[in-house]
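Engineer: Compute the structure for the input listed below.
(one chain, ligands or ions: 1)
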Amino acid sequence: MRFFRGMALRNRRSLIASQQLITLNFQLRSTNVMILMYHHVCPIAEVPVAEERRSIEGWEYNLGPEDFAFQLESLRRRKFRFVTLDEYVRQAVESDRGSGKMVAVTFDDGWRDNYDHALPVLTRLGIPATFFVVSGSMAGVAAERRMTPPMLREMAANGMEIGAHTRTHPNLATLSDDHLDDEIGGCKADLEEILGQSVRFLAYPGGRFNDAVVRCVQRHGFRAACSVIPSGRNDPSARYRLSRDVFTPQMNTWRDRILLVPGGRWFWRTAKGLI
Ligand SMILES: [Zn+2]
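Structural biologist: Numbers count the residues shown, from 1 in each chain. Model (predicted):
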């Protein structure tokens, strides 16, 4: 009798273990959701010379238009579905399903080259993107490097989402509550005035934030906010610190390759001791 009970217990355990393996296998094979972060899309000939660049401009993140198109096309060849940030948040964060291979494209700062060189590629490929824009001035940065209000309106009219990136690109983690309200709520109000529509998402300048910053973002009614934390799992707890990824131009480093395969993100985080 004891022998049969032991058999039954063993069978049940192995059944549970095999079900867990099937579930894990399914997740690894079917799920890969991510948010891409870009700054500049600019041909090399138009990139300012070193003396004319400010570190705040993030030129180290520049991609030529061909590399930008290459990245989007290779993701599409790999069967990634391009979604708006709104759709991404609904599926990956709010329902925690994170179904299939899904990617949302984002840009930080509001550079003029986004309008000149990224928008035509996105329009040609029928891919939506979110542009996080600084609504005021950025210290030492020439106004002609930035998108103008008519350009932002044209972006929105072409199905692009305009998000907030504060008024002056400060380190938010150092500011008082009043100053936070001005940078975060003020930027939202500025952009809503320009666009005549609601601004729902925000990206933290330089990825810097703390609890007070998150509370301010929530107080002003943003749906979600993006960080620059790489390779994360954007579960419901990550709504106000969404992880974003940056790939090398040809997406051909080991890290790039691992993150691009389903289950790779989980593997990368495990290998780095992040979970
Ligand atoms: Zn920025």
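Engineer: From the contact counts, what lies against whichever strand or helix holds residue 212?
Structural biologist: Per DSSP states H and E: residue 212 is located in helix 211-219. Based on contacts counted as 3 or more CB pairs under 8 Å, 6 or more residues apart in numbering; DSSP states H and E, the elements that helix 211-219 packs against are helix 177-180. Bear in mind the C-beta positions are built from the backbone N, C-alpha and C, glycine included.
Engineer: and after the helix it packs on, which helix or strand comes next?
Structural biologist: Under the assignment DSSP H and E, the closest C-terminal helix or strand after helix 177-180 is helix 186-195.
Engineer: tell me which residues of that following helix are tucked away?
Structural biologist: 186, 187, 188, 189, 190, 191, 194, 195 (16 or more other CB atoms under 10 Å).
Engineer: One more: stretch 105-121?
Structural biologist: By neighbour count, with 16+ other CB under 10 Å as the criterion, the buried positions of stretch 105-121 are 105-119, 121.
Engineer: Endpoint to endpoint, it covers what distance?
Structural biologist: Using CA to CA, to the nearest Å, the gap from the first to the last residue of stretch 105-121 comes to 12 Å.
Engineer: nearest to residue 272, of the buried residues of helix 186-195?
Structural biologist: Nearest to residue 272 among the buried residues of helix 186-195 is residue 187, at 33.3 Å by CB to CB.
Engineer: Surely the closest one touches residue 164?
Structural biologist: Yes. With contacts counted by CB atoms under 8 Å, residue 187 reaches residue 164, the gap being 4.4 Å.
Engineer: Touching both of the two, which residues are there?
Structural biologist: Both residue 187 and residue 164 are contacted by 135, 199, 202, under the criterion CB atoms under 8 Å, 6 or more residues apart in numbering.
Engineer: Which ones among the residues you listed map onto strands?
Structural biologist: When DSSP state E defines the strands, the subset of the shared contacts of residue 187 and residue 164 inside them is residue 202.
Engineer: Out of the shared contacts of residue 187 and residue 164, which is nearest to the ion?
Structural biologist: Of all the shared contacts of residue 187 and residue 164, the one with the least separation from the ion (CB to the ion) is residue 202, at 11.2 Å.
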